[in-house]
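Trainee: Have a look at this prediction, sequence included:
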Amino acid sequence: MSENVVHITVRPNGPLRVEGHIVLKDADGREWDLTGKPAISLCRCGMSDKRPFCDGAHARNNWVCETAPPDNLT
Ligand code: FES
């Protein structure tokens, strides 16, 4: 995996797994300290108590979401 490319994987019924050189900021430009973290999981179900990070609430609540892209995407 190239260090210059950030890879985002949409996990089935789960978070967005983000791998690569990541800078994560809030709307005011304050950064989360991601030192030593080569990857993070961002909540996309909205139920995490640790948003923007996933805390596993999606699984505890049996959250279901389609993950496949439309056929016209590569
Ligand atoms: S995706 Fe895991 S808690 Fe929301």
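Mentor: Cool, got the structure. Given the structure is predicted, the values throughout are model-derived calculations rather than measurements.

Trainee: which residues in this structure form strands?
Mentor: In order along the chain, the chain carries the following strands (DSSP state E): 7-10, 16-19, 39-42.

Trainee: Confirm for me that residue 57 is in contact with residue 47.
Mentor: Yes. Taking Cβ atoms under 8 Å as the definition, residue 57 is a contact partner of residue 47 at 3.9 Å. (Glycine included, C-beta is placed from N, CA and C.)

Trainee: any residues in contact with both of the two?
Mentor: In terms of Cβ atoms under 8 Å, 6 or more residues apart in numbering, residue 57 and residue 47 are both contacted by the residues residue 63.

Trainee: Can you give me the separation between residue 21 and residue 57?
Mentor: In this structure, residue 21 lies at 27 Å from residue 57, with Cβ to Cβ, to the nearest Å as the measure.

Trainee: Among these two, which residue is more densely surrounded?
Mentor: A count of neighbours by other Cβ atoms under 10 Å puts residue 57 above the other of residue 21 and residue 57, at 17 against 11.

Trainee: need the contact list for the more buried one.
Mentor: 43, 45, 47-49, 63.

Trainee: Quick check: of those, which has the highest neighbour count?
Mentor: So for those (other Cβ under 10 Å), the most neighbours sit at residue 43, 21 neighbours.
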